[in-house]
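**Q** this is the structure alone, sequence omitted:
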């Protein structure tokens, strides 16, 4: 079953023509910027010049028919109607967040969550306000990495709404589905249930004002990635890989997904994790046990910035298991994560400086 994208909906609506002038509703600007996708449910609004337009009912029927004909017959379609006097604005679920960065990998086992957690801690250590969402619904690891597995979540009222209070450790606001499920039992949810749970962690939490909101995405490509793209305007994505060829092949697929027309999210850069092994007591020695500079070659091949090479040492595993991020340690790996944080800051600043003035954000060190 092919997943749904806003682009598929617009392509189907582009075949609906307004009677009288022969132009389609997309080129006439009659499709409001409020397309919502929830599993197999789609909703959007058609914009008319006045509420007495004689073609409103027929246009709604035509829109529904085209979605069923050109997207999928099982899609549940809801069409709203607005007039030019009552425009629809897309609601930003995180109005206090300046930059939203996904951390993704083509396959599991490449240390994506380790990179996400240590990048968040390193950014916070630089004085930025940072949030971290563990979006790996089926394999949440952030509670253990931050040493908060047994913590409980609480709610409080904000402007009349009951919102989840994120936990805070090492200067990072943290939420994970791992706080809400049995840590010893698998999460057996269908895609729509996982997507709804993820939306709750985004939209029904008190994230407040943040300079950087990091999202630890599940490995591969899934409904979760689509939910995030449909719900949030991502600043960009950091791709994590190891030097191994099998990991690099999957990293290519991940990059292709994000840069494709249907998703269209910028790639901020590539992180080569486990770039080499360094004995903790001999930091000048390097053993390329997973291959040498495969991530470097992939970044060069695809024209993607190489943000950092992260070596593997025994302390990085111990730190993750004990809930003490290695980014805070004065080790070669800690230095690598701090370098990664600086590179991410720079690439985001450059990207913001290239945007039109109305889209720029101001991120200054506190």
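**A** Structure's in. What do you need? Values in this document were obtained by computation on a predicted structure and should not be read as measured data. Numbers count the residues shown, from 1 in each chain.

**Q** going forward, measure contacts and count neighbours with C-alpha atoms only.
**A** Noted.

**Q** and stretch 269-288, how far out from the chain middle?
**A** Chain-centre distance of stretch 269-288: 28 Å, with CA atoms, centre = their mean, to the nearest Å.

**Q** so what touches that stretch?
**A** By CA atoms under 8 Å, 6 or more residues apart in numbering, the residues outside stretch 269-288 that reach it are 110-111, 115, 237-243, 289-296, 299, 304-315, 332.

**Q** same check on stretch 211-224?
**A** Contact with stretch 211-224 is made by 3, 97-108, 112-113, 116, 120, 128-137, 139, 191-192, 194-195, 198, 225, 250, 254, 257, 363, as judged by CA under 8 Å, 6+ apart.

**Q** quick one: mean pLDDT over it.
**A** Per-region confidence: stretch 211-224 scores 84 on mean pLDDT.

**Q** tell me the span between the first and last residue of that stretch.
**A** One end of stretch 211-224 to the other measures 23 Å (CA to CA, to the nearest Å).

**Q** same thing with stretch 27-44?
**A** Counting by CA to CA, you get 16 Å between the two ends of stretch 27-44.

**Q** run the chain-centre distance for that stretch.
**A** Its chain's average C-alpha position is 21 Å from that of stretch 27-44, according to CA atoms, centre = their mean.

**Q** domain ranges for the protein?
**A** Domain ranges of the chain: 6-83, 97-359, per automatic domain parsing.

**Q** need the winner for burial among those domains.
**A** Mean neighbour count (mean count of other CA atoms under 10 Å) peaks for domain 97-359 among these, with a mean of 19.

**Q** quick one: distance of that one to the chain centre.
**A** 9 Å.

**Q** one step back: restricted to strands, list the contacts of stretch 269-288.
**A** Using DSSP state E, the subset of the contacts of stretch 269-288 located in strands is 237-241, 306-312.

**Q** between strand 236-241 and the helix or strand containing residue 271, find me the angle.
**A** Element membership for residue 271, per DSSP states H and E: strand 267-277. For strand 267-277 against strand 236-241, the angle by axes from the mean of the first three to the mean of the last three CA atoms, to 10 degrees is 20 degrees.

**Q** and the helices in the stretch 1-150 of the chain?
**A** Taking DSSP state H, counting those that start in this stretch as the criterion, the stretch 1-150 of the chain carries its helices at 6-13, 56-70, 112-125, 142-145.

**Q** distance from the second one to the middle of the chain?
**A** Same thing as helix 56-70. 32 Å.

**Q** then the first one?
**A** The chain centroid and the centroid of helix 6-13 are separated by 22 Å, computed with CA atoms, centre = their mean.

**Q** just for this protein, where's the confidence low?
**A** Residues of the chain meeting the criterion pLDDT under 70: 1-2, 20, 85-91, 182-192, 220-223, 262, 314-323, 355-366.

**Q** now the helix ranked longest in it against strand 306-312, angle please.
**A** Looking across the chain with DSSP state H, the single longest helix is helix 332-354. Inter-element angle recorded for helix 332-354 and strand 306-312: 170 degrees (by the same axes, to 10 degrees).

**Q** packing partners of helix 332-354?
**A** Contact partners of helix 332-354 among helices and strands, from 3 or more CA pairs under 8 Å, 6 or more residues apart in numbering; DSSP states H and E: helix 112-125, strand 267-277, strand 306-312.

**Q** so which of those comes closest to residue 25?
**A** strand 267-277 (32.0 Å; CA to CA).

**Q** end to end on stretch 49-64, go ahead and measure it.
**A** End-to-end distance of stretch 49-64 (CA to CA): 20 Å.

**Q** er, stretch 32-46 actually
**A** Stretch 32-46 end-to-end distance (CA to CA) = 6 Å.

**Q** from now on call the first residue 548
**A** Right, with 548 as the first residue, what we last looked at is stretch 579-593.

**Q** starting at the chain centroid, how far to it?
**A** 20 Å.

**Q** one step back: can I get the ones in strands among the contacts of stretch 816-835 in a markdown table with distance to residue 597?
**A** Formatted as a markdown table, these follow (distance: CA to CA, whole Å):
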| residue | distance to residue 597 |
| --- | --- |
| 784 | 42 |
| 785 | 45 |
| 786 | 47 |
| 787 | 51 |
| 788 | 53 |
| 853 | 52 |
| 854 | 52 |
| 855 | 55 |
| 856 | 58 |
| 857 | 59 |
| 858 | 63 |
| 859 | 64 |
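
**Q** if we can go back for a sec, just the contacts of stretch 758-771: which are in strands?
**A** Those of the contacts of stretch 758-771 mapping onto strands are 644-652, 677-681, per DSSP E.

**Q** contacts only, for the spatially most central residue of the chain.
**A** Centroid-nearest residue in the chain, with CA atoms, centre = their mean: residue 649, separated by 3.9 Å. Residue 649 makes contact with 761-764, 781, 783-785, according to CA under 8 Å, 6+ apart.

**Q** which of the ones in strands among the contacts of stretch 816-835 sits closest to residue 814?
**A** Out of the ones in strands among the contacts of stretch 816-835, the member with the shortest distance to residue 814 (by CA to CA) is residue 784, at 4.9 Å.
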